[in-house]
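Q: The sequence and its predicted three-dimensional model are supplied below.
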Amino acid sequence: MIPLDHVIGLSAVLFSLGVIGVLVRRNLIVMLMSVELMLNAANLAFIAFNRLWPGTDATPVLDGQVFVLLVITVAAAEVAVGMGILLALFRNRDSADPEEASLLKW
Amino acid sequence: MIAPPEISPSVLAPIGFTAIGAMVILVQDALLTRGSSLLGRRVTPAYAGTLNAFTAMLFLSLALYVTVVAFASGDSLVFQLANPVYQQDRFGSFATALLVVVGILTCALSVSYLSELGINHGAYYALVLASITGAIFLVGAIDLLGVYVGLELMTIPIYVLAGFDRARLRSNEAAIKYFVIGSFATAILLYGMALIYGATGTTSFGAIRDAFDPTSPVAMLGVGLILIGFAFKIASVPFHQWAPDVYEGAPAPITAYMSVAVKAAAFTALLRFVATAIGPETEQLSDVFAAFAVLSMIVGNLMAVIQENVKRMLAYSSIGHAGALLIGLVTGSPGGYAAIAFYLVVYAFMNLGAFGVVIALARRGQECERVDDFAGLARTRPGLAAAMTLFMLSLAGIPGTAGFMAKFNLIVVAIRADMIWLPITLVVTSVISLFYYLRIPVLMTMREPSEPPSRTGIASGEALALCLCAAVVLFLGFFPNHGMLPWLGLELPVLDWASDSVTDLFGS
């Protein structure tokens, strides 16, 4: 069985990659993918930690796994909305570069 | 054979009314075929919009009624005893009532604004109701799962609403910015939840409190990430950069709703999380909150001074108010939490009022949002100018208005908790804020109107909403706790309600 540390380590690396992606990449679709990466890193952490807190054999506790199911559902809704907003932006201006979305500035 | 769980369905009544209302509006809008006639009038987009708004307000009023009944009964109920996720108690009901009233006022302010801008679609009101459903779920959540689902249900409709003016590039931009930043914040929050689950083995607030170990790095990292997520939602410095852009680009009623309801719901959830899951006395937390509070007050109020756009100015002012609210969290005492609850009520009405005036000035396809647009308004639209002056004075915290009472309360609580620098910062930044708040009344009275008034009439919904906001601001300014409406036989001790509601959190 893969040790818990490795799974948590992988999830931390994925999360960091996601954060860096959102902060550094200059393409809205890639930024969206990076956010998804962060969400999935959290999912992975939930699944892994559930192994740490399994409950007993008679009454298994599946809090972490239930959480993940809900996160996946909600994230799907979120992406659908996000793609819709992106599409509306593309219709008005043919670019996915957030630098060009600069009408609103201080 | 599994026994059916014991449930108390009445707990879900407020959520049920708003959620069903959202679906009813969608069906109703689809059935209202344009061009046919209903109740002796041809169905135009404006007429359909009015009907949809009425349905929304009807369902919100029902939700308000059941919430007030629940608050009066004072019970703490959960939907089901095994693994409770949502709890209806006085604290939740207090915030729910505020959110629902904000929803009603938002709908009232939206009707003619949407017609003026030509974006009168039924989905608008359905999305507002869906967002309020999420907000209500968020303020009653007693499990990380509930916080996550409530937060997302509250925010996802607002992503759409911020970009509701689809043909306008600025609205698109506001939506995409809010979406990227918002989902980024949610992902950070979610990872924090995962770490807390890893450190404590549970997602329920009460059980986290029992298992929480402030010396464990994993647990503290989790709490830190959750706080960052919340700081994004309440627009506190240093996680505030999205707010001015989004507030400026979104349709004005949605900006009003966002600045008030999202802030109130996120603050309430944060209070509940801090008080019941990690313990308000945790010292590292107070230091973080104090830093956030000072930074928000200074940056928000200084940046507001140089703004030429009213919506943008109000965005920075709302960052400043978020800083003031955080002072109550630093104290970690029931008094501080009650001061926050009262401040949220006051802030809701004065900010909705200020945005209401901006909304009432919008004309065909165009918003009236530059500071210069307010020049000479006292001559052309005296009623609106008077209302705007009142809301500006209240936001600045001039005695005689509700804004003063809210700030006064916070300062008293902070001084009782032996803090010096936070109340001083609040007073100094309030003085700075006078500069930009009073600029608008000065422009309205001292300068000649530059162009003919944008719109001469005011819609009845806007007039009612503005009158209600102005009345509440004045009323709470004079009677924060001894308010009475003798001719109705009604006592309105709002401060007492606020302090009653927070006792739920401190378990006494």
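A: Yes, it's here.
Q: how far is the biggest helix by length in chain B from where the chain is centred?
A: Ordering each helix of chain B by length in residues (DSSP state H) puts helix B:169-200 first. Taking Cα atoms, centre = their mean, to the nearest Å, one finds helix B:169-200 lying 18 Å from the centre of the chain it belongs to.
Q: Also stretch B:120-135?
A: So, by Cα atoms, centre = their mean, the centroid of stretch B:120-135 is 15 Å from its chain's centroid.
Q: contacting residues around the residue most central in space within chain A?
A: The structure's chain A has its C-alpha centroid closest to A:Leu39; by Cα atoms, centre = their mean the separation is 2.2 Å. A:Leu39 is in contact with A:Val71, A:Ala75, B:Thr186, B:Ala187, B:Leu190, counting by Cβ atoms under 8 Å, 6 or more residues apart in numbering or on different chains. For glycine as for every other residue, the C-beta is placed from the backbone atoms N, C-alpha and C.
Q: where's it, which helix or strand?
A: When secondary structure is defined using DSSP states H and E, the element that contains A:Leu39 is helix A:28-52.
Q: so for that helix, what's the average pLDDT?
A: Here helix A:28-52 scores 93 as its mean pLDDT.
Q: So what angle separates the directions of it and helix B:169-200?
A: Computed by axes from the mean of the first three to the mean of the last three Cα atoms, to 10 degrees, the angle separating helix A:28-52 from helix B:169-200 equals 20 degrees.
Q: Around chain A, pick out the residues from the stretch 301-450 of chain B.
A: B:Met303, B:Gln307, B:Arg312 (Cβ under 8 Å from any Cβ of the partner chain).
Q: next one: the stretch 151-300 of chain B
A: Where proximity means Cβ under 8 Å from any Cβ, the interface of the stretch 151-300 of chain B facing chain A comprises B:152, B:156, B:159-160, B:163, B:166-167, B:169-170, B:172-177, B:179-180, B:183-184, B:186-188, B:190-191, B:193-195, B:197-198, B:201-203, B:244-245, B:248-249.
Q: Enumerate residues external to stretch B:236-247 that contact any of its residues.
A: Stretch B:236-247 is contacted by residues A:104-106, B:162, B:173-174, B:177-178, B:181-182, B:185, B:228, B:231-232, B:235, B:255, B:258-259, B:292-293, B:295-296, B:298-300, B:303, B:307, B:311-312, B:314-316, B:318-319, B:322-323, B:326 when judged by Cβ under 8 Å, 6+ apart.
Q: Can you pull out the low-pLDDT segments for chain B?
A: Low-confidence regions of chain B, defined by pLDDT under 70, span residues B:1-5, B:34-35, B:281, B:364-366, B:451-456, B:483-489, B:508.
Q: same question, chain A
A: Scanning chain A for pLDDT under 70 picks out the ranges A:94-106.
Q: Just the CA coordinates for stretch B:179-186, please, in PDB.
A: Taking C-alpha atoms only, stretch B:179-186 is exported to PDB below (Å, rounded to 0.1, in the frame of the first residue of the first chain):
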ATOM      1  CA  PHE B 179     -15.000  34.000 -11.200                       C
ATOM      2  CA  VAL B 180     -11.300  33.500 -11.300                       C
ATOM      3  CA  ILE B 181     -10.600  35.100  -8.000                       C
ATOM      4  CA  GLY B 182     -13.700  33.600  -6.400                       C
ATOM      5  CA  SER B 183     -13.000  30.000  -7.400                       C
ATOM      6  CA  PHE B 184      -9.300  30.500  -6.500                       C
ATOM      7  CA  ALA B 185     -10.400  31.500  -3.000                       C
ATOM      8  CA  THR B 186     -12.800  28.600  -2.700                       C
END
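Q: Narrow the residues of the stretch 301-450 of chain B next to chain A to those in helices?
A: In helices, judged by DSSP H, the following of those are found: B:Met303, B:Arg312.
Q: any chance of the residues of the stretch 301-450 of chain B next to chain A in CSV, plus neighbour count?
A: Listed next are those as CSV, based on neighbours: other Cβ atoms under 10 Å in any protein chain shown:
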residue, neighbour count
B:Met303, 21
B:Gln307, 20
B:Arg312, 26
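Q: ok, which stretches of the stretch 51-200 of chain B are strands?
A: When assigned using DSSP state E, counting those that start in this stretch, the strands of the stretch 51-200 of chain B occupy the ranges B:77-78, B:87-88.
Q: Please identify the deepest-packed of these.
A: Of all the strands of the stretch 51-200 of chain B, strand B:87-88 carries the top mean neighbour count, a mean of 24, counting by mean count of other Cβ atoms under 10 Å in any protein chain shown.
Q: so the residue located most distally from the centre of chain A, which of the three states?
A: Of all residues in chain A, A:Ala58 sits farthest from the chain's C-alpha centroid, using Cα atoms, centre = their mean; the distance is 33.2 Å. Per DSSP: H, G, I helix; E, B strand; the rest coil, the local secondary structure of A:Ala58 is coil.
Q: ok, it to chain B distance?
A: Using Cβ to the nearest Cβ, to the nearest Å, A:Ala58 is found at 14 Å from chain B.
Q: circling back: quick one: which of the contacts of A:Leu39 has the most company?
A: In terms of neighbour count, B:Leu190 stands highest of these at 30 neighbours, by other Cβ atoms under 10 Å in any protein chain shown.
Q: ok so, going back, and the strands of the stretch 51-200 of chain B: which comes nearest chain A?
A: If you check each of those against chain A by Cβ to the nearest Cβ, strand B:77-78 wins as the nearest, at 16.7 Å.
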